[in-house]
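*Asks:* Coordinates only, no sequence provided:
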């Protein structure tokens, strides 16, 4: 049986220290150049996980009687992707919404506007993988933090829909969602349209728009798809 918690829950993490604002090039120009660079890119394996230990929010948080604690949204960005079954208080690393929440969501504040190249969603490990279905992923600059009285739940559609789970399917272990052209935004939100949302981890790979000047800008691709520096 679930017990209602405060409408939103926040997990504070260490902000990125790698961002640096370039004083000469304007942000729109940086975004354009970086988008062109990323579209031509052939590999993203060295991109950082921008969601790691960032602030998270949720429409509801489930209390689990098995281990007598809340399964906070912060567990979804703690970097832990494996844990034993059954759940144990000393090894918790799972976000779980309240069972009575009809359209649960989890939101991650990346801390600054980012260019997102890939999102990885890691499902619950120990059971119930079929609960993660009809999921929608949105990335944008509308802040999603508060669920009280409907709050930001009605604002979720203010951020662009970047991925939608196929009807009748579910994520077994994990799903990797790549973007040929980076998605721009500070807020990443995952929502389903039925109870119950539970995920082990959400990872967001990309780089901050303000640090685009630190990237090597490429504006052309040759016939083999390799990037050419300007």
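*Replies:* All right, it came through fine. What you see is a predicted model; the values in this text were computed from it and never measured. Numbers count the residues shown, from 1 in each chain.
*Asks:* Tell me where the chain has helices.
*Replies:* Ranges of helices within the chain are 27-40, based on DSSP state H.
*Asks:* Could I get the full set of strands for it?
*Replies:* 55-58, 63-64, 69-70, 95-96, 105-123, 136-140, 161-164, 174-191, 198-208, 218-221, 227-229 (DSSP state E).
*Asks:* So which of those has the densest surroundings on average?
*Replies:* strand 95-96 (a mean of 29; mean count of other Cβ atoms under 10 Å). All C-beta spots, glycine's among them, are computed from the backbone N, C-alpha and C.
*Asks:* Any chance you could list what contacts that strand?
*Replies:* 56, 58, 61-62, 64, 71-76, 106, 124, 196-200 (Cβ atoms under 8 Å, 6 or more residues apart in numbering).
*Asks:* Now with 7 Å, please.
*Replies:* By Cβ atoms under 7 Å, 6 or more residues apart in numbering, the residues outside strand 95-96 that reach it are 58, 62, 64, 71-73, 75-76, 106, 196, 198-199.
*Asks:* which intervals of this protein have sub-threshold pLDDT?
*Replies:* Filtered on pLDDT under 70, the chain yields the residue ranges 1-44, 89-90, 212-230.
*Asks:* Any chance of TSV for the contacts of strand 95-96, columns distance to residue 97?
*Replies:* Listed next are those as TSV, based on distance: Cβ to Cβ, whole Å:
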residue	distance to residue 97
58	6
62	6
64	12
71	8
72	11
73	9
75	12
76	11
106	8
196	6
198	7
199	10
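*Asks:* from what I can see residue 106 touches residue 58, true?
*Replies:* Yes. Assessed by Cβ atoms under 7 Å, residue 106 is found in contact with residue 58 at 5.0 Å.
*Asks:* Quick check: neighbours shared by those two?
*Replies:* 73, 95.
*Asks:* still on that earlier bit, distance to residue 88 for the strands of the chain - can I get that in CSV?
*Replies:* As requested, these are exported to CSV (distance: least, Cβ to Cβ, whole Å):
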stretch, distance to residue 88
strand 55-58, 22
strand 63-64, 11
strand 69-70, 11
strand 95-96, 15
strand 105-123, 19
strand 136-140, 30
strand 161-164, 32
strand 174-191, 22
strand 198-208, 15
strand 218-221, 48
strand 227-229, 47
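*Asks:* How about the contacts made by residue 156?
*Replies:* With Cβ under 7 Å, 6+ apart, residue 156 has these contacts: 105, 138, 144, 189, 191.
*Asks:* swap the cut-off to 6 Å and go again
*Replies:* 144, 189 (Cβ atoms under 6 Å, 6 or more residues apart in numbering).
*Asks:* Report the separation between it and residue 165.
*Replies:* In this view, residue 156 and residue 165 are 15 Å apart by Cβ to Cβ, to the nearest Å.
*Asks:* do residue 147 as well
*Replies:* With Cβ to Cβ as the criterion, residue 147 and residue 165 are 22 Å apart.
*Asks:* ditto for residue 120
*Replies:* On the measure of Cβ to Cβ, residue 120 and residue 165 end up 14 Å apart.
*Asks:* quick revisit: nearest to residue 47 among the strands of the chain would be which one?
*Replies:* strand 198-208 (4.2 Å; Cβ to Cβ).
*Asks:* Would you mind getting the angle between the closest one and strand 105-123?
*Replies:* 100 degrees (axes from the mean of the first three to the mean of the last three Cα atoms, to 10 degrees).
*Asks:* so what does strand 198-208 touch, helix or strand wise?
*Replies:* The contact analysis (3 or more Cβ pairs under 6 Å, 6 or more residues apart in numbering; DSSP states H and E) places strand 198-208 against strand 105-123.
*Asks:* Sheet-wise, list the partners of the strand it packs on with their directions.
*Replies:* strand 55-58 (antiparallel), strand 174-191 (antiparallel), strand 198-208 (antiparallel) (DSSP bridges).
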